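Enquirer: just the structure for this:
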Amino acid sequence: MPVLPNGEIEIYYEDHGGDGRPVVLIHGWPLSGQSWADQVSALKDAGYRVVTYDRRGFGKSAGVGEDAQFDYDSLTSDLDLLMRELDLRDATLVGFSMGGGEVARYVGSYGPDRLRSVVFAAAIPPFLLKSDEHPEGGLDQETAEGMQEDLRKDREAFFEEFTKNFFSADGELKVTEEQRQQAKDMAAQADLHAAVACIQSWLTDFRDDLRQDSVPTLVIHGDSDAIVPVEVSGKLTDEMVQDSTLHVVEQGPHGLNTSHPEEFNRVLLDFLR
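Expert: Model (predicted):
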């Protein structure tokens with residue numbers, strides 16, 4: 001099993017090979033690197049070197065104790081370790097949902113030296129917190145704390161409802177029931193402490209990180225995203241980044257890389273070329 005140790009934490013990753021430029025796929029909450037299956041095959045067929053990894057506390061990444069941290073500086077240190085240990089250069093980072101936070105923080109903290117471009121897919125930047133000072137956010141503190149409480153109380157019921165919203169547009173499920181169950185199976189692998197803690201991390205302010213984004217950037221988002229609405233995330237990210245392209249998927253739910261894989265892959269490959 002390929003793992004990278006970051007202190008006591010072990011980060012599981014898969015290097016799917018390929019001789020072309022590296023593309024690092026960073027999954028969303030509460031999933032794992034397995035959620036990129038439709039993109040891994042398409043990218044490999046196009047000749048890219050594809051790398052996926054499981055966020056600390058999720059999938060097959062191990063060693064998460066009570067002292068483990070899930071703020072974005074800590075989460076992004078895992079990505080930086082991966083980039084350095086595999087010596088990935090001229091790379092594209094693709095962050096889905098929560099994974100967009102690692103992309104933004106990597107740009108802000110580690111700079112563009114190893115990067116060719118970045119992609120924000122249904123991603124949480126620039127700043128998801130909704131407050132009196134920031135009314136354009138999409139999630140207030142009280143609601144986030146309620147989600148944490150509900151997850152602790154009944155994990156199975158929480159992920160049952162969450163995966164329905166994750167893959168639905170205007171109340172209609174846009175994936176097969178088998179695909180939704182696969183997402184639930186991935187969620188079941190997550191450490192409960194990690195899953196709960198990451199909900200608070202969603203409210204991180206990435207605006208300063210995005211202001212340092214100087215590489216070509218693709219923002220791809222569904223117009224019917226019920227988890228991270230495009231109006232509070234994708235469109236604002238596109239406005240903040242100078243060299244940015246926005247693609248909005250019609251009737252696209254949050255989990256648009258699974259619900260609309262052909263369109264997602266086409267837009268991604270066009271951008272990479």
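Enquirer: when you work out contacts or count neighbours from here on, use the C-alpha atoms and nothing else.
Expert: Noted.
Enquirer: can you pull out the helices in the protein?
Expert: For the chain, applying DSSP state H gives helices covering 37-45, 72-85, 99-110, 141-153, 155-166, 177-188, 192-201, 207-211, 234-240, 256-259, 261-272.
Enquirer: quick one: list the elements packing against the first one.
Expert: In terms of contacts (3 or more Cα pairs under 8 Å, 6 or more residues apart in numbering; DSSP states H and E), helix 37-45 is packed against strand 49-53, helix 256-259, helix 261-272.
Enquirer: contacts for the second one, please.
Expert: Counting by Cα atoms under 8 Å, 6 or more residues apart in numbering, helix 256-259 makes contact with 35-36, 38-39, 122, 167, 174-175, 221-222, 249, 252-253, 264-265, all of which sit outside it.
Enquirer: show me what the worst-scoring helix or strand of the chain on mean pLDDT is packed up against.
Expert: Ranked by mean pLDDT, DSSP states H and E, the helix or strand of the chain with the weakest confidence is strand 3-6, at a mean of 91. In terms of contacts (3+ Cα pairs under 8 Å, 6+ apart), strand 3-6 is packed against strand 9-15, helix 72-85.
Enquirer: let's go with 6 Å and repeat that
Expert: strand 9-15 (3 or more Cα pairs under 6 Å, 6 or more residues apart in numbering; DSSP states H and E).
Enquirer: angle of the strand it packs on against helix 72-85?
Expert: 50 degrees (axes from the mean of the first three to the mean of the last three Cα atoms, to 10 degrees).
Enquirer: and the pLDDT at G63?
Expert: pLDDT recorded at G63 is 83.
Enquirer: how close does it get to Y13?
Expert: 14 Å (Cα to Cα, to the nearest Å).
Enquirer: of the two, who's got more company?
Expert: Neighbour count, other Cα atoms under 10 Å: between G63 and Y13, Y13 has more, with 19 against 16.
Enquirer: please name the residues that touch the residue positioned nearest the centre of the chain.
Expert: Nearest to the geometric centre of the chain sits G99, at 2.3 Å (Cα atoms, centre = their mean). Residues near G99 by Cα atoms under 6 Å, 6 or more residues apart in numbering: 26-28.
Enquirer: show me which positions of stretch 218-230 end up buried.
Expert: Buried residues in stretch 218-230, counted by 16 or more other Cα atoms under 10 Å: 218-230.
Enquirer: same deal with stretch 203-211?
Expert: 203-207, 209-211.
Enquirer: how far does it sit from the chain's center?
Expert: 15 Å (Cα atoms, centre = their mean, to the nearest Å).
Enquirer: so what touches that stretch?
Expert: Against stretch 203-211 from outside (Cα under 6 Å, 6+ apart): 104-105, 108, 125-129.
Enquirer: can I get those residues in a markdown table including pLDDT, neighbour count and distance to T143?
Expert: Shown next, in a markdown table, are the contacts of stretch 203-211 (pLDDT from 0 to 100; neighbours: other Cα atoms under 10 Å; distance: Cα to Cα, whole Å):
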| residue | pLDDT | neighbour count | distance to T143 |
| --- | --- | --- | --- |
| A104 | 98 | 29 | 24 |
| R105 | 98 | 26 | 24 |
| G108 | 98 | 18 | 28 |
| P125 | 98 | 33 | 18 |
| P126 | 98 | 27 | 19 |
| F127 | 98 | 22 | 15 |
| L128 | 98 | 25 | 12 |
| L129 | 98 | 24 | 10 |
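Enquirer: which of those residues sit farthest apart?
Expert: G108 and L129 (19.1 Å; Cα to Cα).
Enquirer: report the distance from stretch 8-27 to the chain centre.
Expert: 14 Å.
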